[in-house]
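Asks: I would like to see how this sequence folds:
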Amino acid sequence: MSGGRTAEGGRRELTYEPDTGAYEATLDPERIGEILGGRSIQTKFGGCLVIDRRYESDRRHGSIPIGDCELGDGNGLTLLDPALASHGTRRTIFIDLETTGISGGAGTVAFLVGCGYFDLGAFQVRQFLLTSYAAERALLAAVAEFFDGADLIVSYNGKTFDVPVMETRWSFHRMPMPLDGVPHFDMLHPARRLWSTRPGSDEGGCRLSTLERVLFDVNRVGDLPGFQIPSRYFRFLRTGDPRLLEPVLEHNRLDLVSLAAVTAHAVRLTQGGAEGCRDAPEALALGRVYERTGLFDAAESCYRRASCADSALIRAEALYRLGLRFRRGRRFGEAADCWRGLLEITEGPGARCHPAMRPLRMFATEALAIHHEHRDRDLPAARELALFALEEAGENGSRADGVRHRLARLDRKLARPGGRVLSLEF
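Replies: Okay, here's the model as predicted:
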C-alpha cells in the first residue's frame, strides 16, 4: 500500500508495498549485485545480497582519520553508559537501518541493514539489501549470523527504532532473536547530554548529520535526504533499476562512519577531561556527565573552565553547579563567591528577563542570604538579600511565603540587643 486517507482525512505514512510477485521477474539479484558492487550469500532460506566497502585507517572523514574512530578497549564507554561497565568490546558492531517507513510497527520493513566494524584499523561496512519482500527471511537469517559473537552493538536511536524494528521482523517470521543479551550502546542519549545545550543547537539539534558537521567539518555533497529513502526503494521495486539505490547505500555508509566517529569522539572527551574540551559549552556538558557518575573532582575542573565562557547562560550554570559542589563539600566561602558571581552575571536587564536566568538568580539570592545569616552572621546583609528575594519571587506564592518566613526570623534576630545571633551550628 503506497498511501491512503485516514478516518480524519490526513494522509497515512508510506510504509509498505505488499509483494504481489509482479516484480520478481525483473529483479535479478546477480545483476543487481554487479551494478551495486555486491554479491549474493546463501542462507537456508535462500540468497541475500550484501555490499562490502572498506575505509582504510588513513582515509579521512572530514577532519578526522578513520583510524581515530576506533573505540579501543571500550572502557571509556563506562562513563557514558555505566551499564556497560562489565562488558568488553572485542567485537563491536555499529548498526543503522534504512526502512520503508519511520513509524515502526509491523508494517515497517528494514530493506537495508548497514553494519560496520573495525578490522586492523580499517572500518569495514557490510550492507544487507532486500531485493524483494520474498527474500526477507534470507536477509534476516544473514543478519542474525553476522551478529553471532558480537559483544557490543552501537547505534544512534537504535534502542527506540532500529533494534525494535529488527526484533519485530524476526518475531514476524518466527525466528530467534540474535540480539537478546547483547549489550547495546545508544549514542543518541550521550550526544544529547554532551551537545544539545550548545548555542545554536536549535538548528538540527543532535541529528547525526549536524554532529558530523559541527565536530568533524563533514559536508555531504549530493546526499539523499532521509525522507526520500523509502520512495527510492519502492521505485527500485517497481522499475528494477538498482542505480536508484546507489545514493541510499552511500547515505547509509556515511551514517555508519559518522556514528563511529561521534562515538569515538565522545569516549576521548570523557577520557581527556576539561583540557580535552573544545569550548566552554562542551566543558559544562562534560562536567554534568562526570557529576552524574560521581567523578566530582573532574566535574569541578570542567565547571571552572565553563565559568569563563563568553555566553552568560553557560557561565551562570557553571557557577551554579560549582557553588553546589562547594556547599556539599562544606567549602562555604567558595560557594558564596559563586553565588555573588551568579548575581553579577544576571544583573543586566537582558539576563534578568531570560527565562533560564530567573531561577538561577533567585536561587543565588536565597543561598547568599542563608550564607550571611548562618555563616557570616551578617544579619543586615542577609535581610537585604531576603527583601531582594521577595521582590524576585513576585507571584510565586510558596517561594514568597518562604522568604517572608526568613524575613520574620531575621527581624526577630535583629531586634535582640546588638542585633547578634547566638552561636548556631548547621
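
Asks: tell me the buried residues in stretch 210-228?
Replies: Residues of stretch 210-228 classed as buried by neighbour count (16 or more other C-beta atoms under 10 Å): 210-216, 218, 224. Yep, even glycine has a C-beta here, placed from its N, CA and C like the rest.

Asks: actually stretch 29-44, not the one I typed
Replies: So stretch 29-44, judged by 16+ other C-beta under 10 Å, has buried residues 29, 32-33, 36, 38, 40-41, 43.

Asks: among the buried residues of stretch 210-228, which two are most distant?
Replies: 215 and 224 (21.8 Å; C-beta to C-beta).

Asks: coming back round to it: show me the two of the buried residues of stretch 29-44 that sit farthest apart.
Replies: Top of the distance list for these (C-beta to C-beta): 36 and 43, 19.1 Å.

Asks: would you map the helices across the stretch 201-350 of the chain?
Replies: In the stretch 201-350 of the chain, the helices defined using DSSP state H, counting those that start in this stretch lie at 208-216, 229-239, 246-272, 280-292, 296-306, 312-328, 332-345, 349-353.

Asks: which secondary structure element of this protein has the lowest mean pLDDT?
Replies: The weakest-scoring helix or strand in the chain, judged by mean pLDDT, DSSP states H and E, is helix 349-353 (a mean of 56).

Asks: tell me what the helix or strand just after that one is packed against?
Replies: Counting by DSSP states H and E, the next helix or strand C-terminal to helix 349-353 is helix 357-374. On a contact count with 3 or more C-beta pairs under 8 Å, 6 or more residues apart in numbering; DSSP states H and E, helix 357-374 meets helix 312-328, helix 332-345, helix 349-353, helix 379-393, helix 397-414.

Asks: please report how far the spatially closest residue to residue 345 that is not a sequence neighbour lies from residue 279.
Replies: Spatial nearest neighbour of residue 345, chain neighbours left out: residue 316 (4.9 Å); criterion: C-beta to C-beta, 6 or more residues apart in numbering. From residue 316 across to residue 279, the span is 16 Å (C-beta to C-beta, to the nearest Å).

Asks: between these two, which one's more packed in?
Replies: residue 316 (26 against 15; other C-beta atoms under 10 Å).

Asks: quick check: that one touching residue 346?
Replies: Yes. If you go by C-beta atoms under 8 Å, residue 316 and residue 346 touch, sitting 6.3 Å apart.

Asks: overlap in contacts, these two.
Replies: 357, 360 (C-beta atoms under 8 Å, 6 or more residues apart in numbering).

Asks: out of the helices and strands packed on helix 357-374, deepest packed?
Replies: Mean neighbours per residue, mean count of other C-beta atoms under 10 Å, is largest over those for helix 312-328, with a mean of 21.

Asks: pull the residues that contact it.
Replies: The contact list for helix 312-328 (C-beta under 8 Å, 6+ apart) reads 199, 280-281, 283-284, 287-288, 291, 296, 299-300, 303-304, 306-309, 332, 334-335, 338-339, 341-342, 345-346, 348, 351, 354, 356-357, 360, 363-364, 367.

Asks: please apply the same query to stretch 128-143.
Replies: The set of residues external to stretch 128-143 that reach it, using C-beta under 8 Å, 6+ apart, is 18-19, 21, 23-24, 27, 29, 32, 36, 38, 41, 43-51, 109-115, 146, 166, 169-170, 173, 175, 178, 237, 245, 249.

Asks: so which of those residues belong to strands?
Replies: 38, 41, 43, 46-51, 110-115 (DSSP state E).

Asks: of these, which pair is most distant in space?
Replies: 46 and 114 (21.0 Å).

Asks: look at these two and report which has more neighbours.
Replies: Neighbour count, other C-beta under 10 Å: between residue 46 and residue 114, residue 114 has more, with 26 against 15.

Asks: three-state assignment of residue 124?
Replies: Under DSSP: H, G, I helix; E, B strand; the rest coil, residue 124 falls in the strand class.

Asks: that one: neighbour count?
Replies: 14.

Asks: please apply the same query to residue 299.
Replies: Neighbours of residue 299 (other C-beta under 10 Å): 23.

Asks: that one and residue 321: what is the separation?
Replies: Using C-beta to C-beta, one gets 8 Å for the distance from residue 299 to residue 321.

Asks: mutual contacts of the two, please.
Replies: With C-beta under 8 Å, 6+ apart, residue 299 and residue 321 have common neighbours 287-288, 291.

Asks: if any of these are buried, put those into a PyMOL selection.
Replies: Command for PyMOL, covering only those of those found buried under the criterion 16+ other C-beta under 10 Å:
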select buried, resi 287+288+291
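
Asks: and residue 128, that one's in a strand?
Replies: Yes. Judged by three-state DSSP, residue 128 forms part of a strand.

Asks: which strand residues bridge it?
Replies: Taking DSSP bridges as the rule, residue 128 bridges to residue 50, residue 113.

Asks: quick one: pLDDT of it?
Replies: We note a pLDDT of 98 for residue 128 in this prediction.

Asks: how many neighbouring residues does it have?
Replies: With other C-beta under 10 Å as criterion, residue 128 counts 23.
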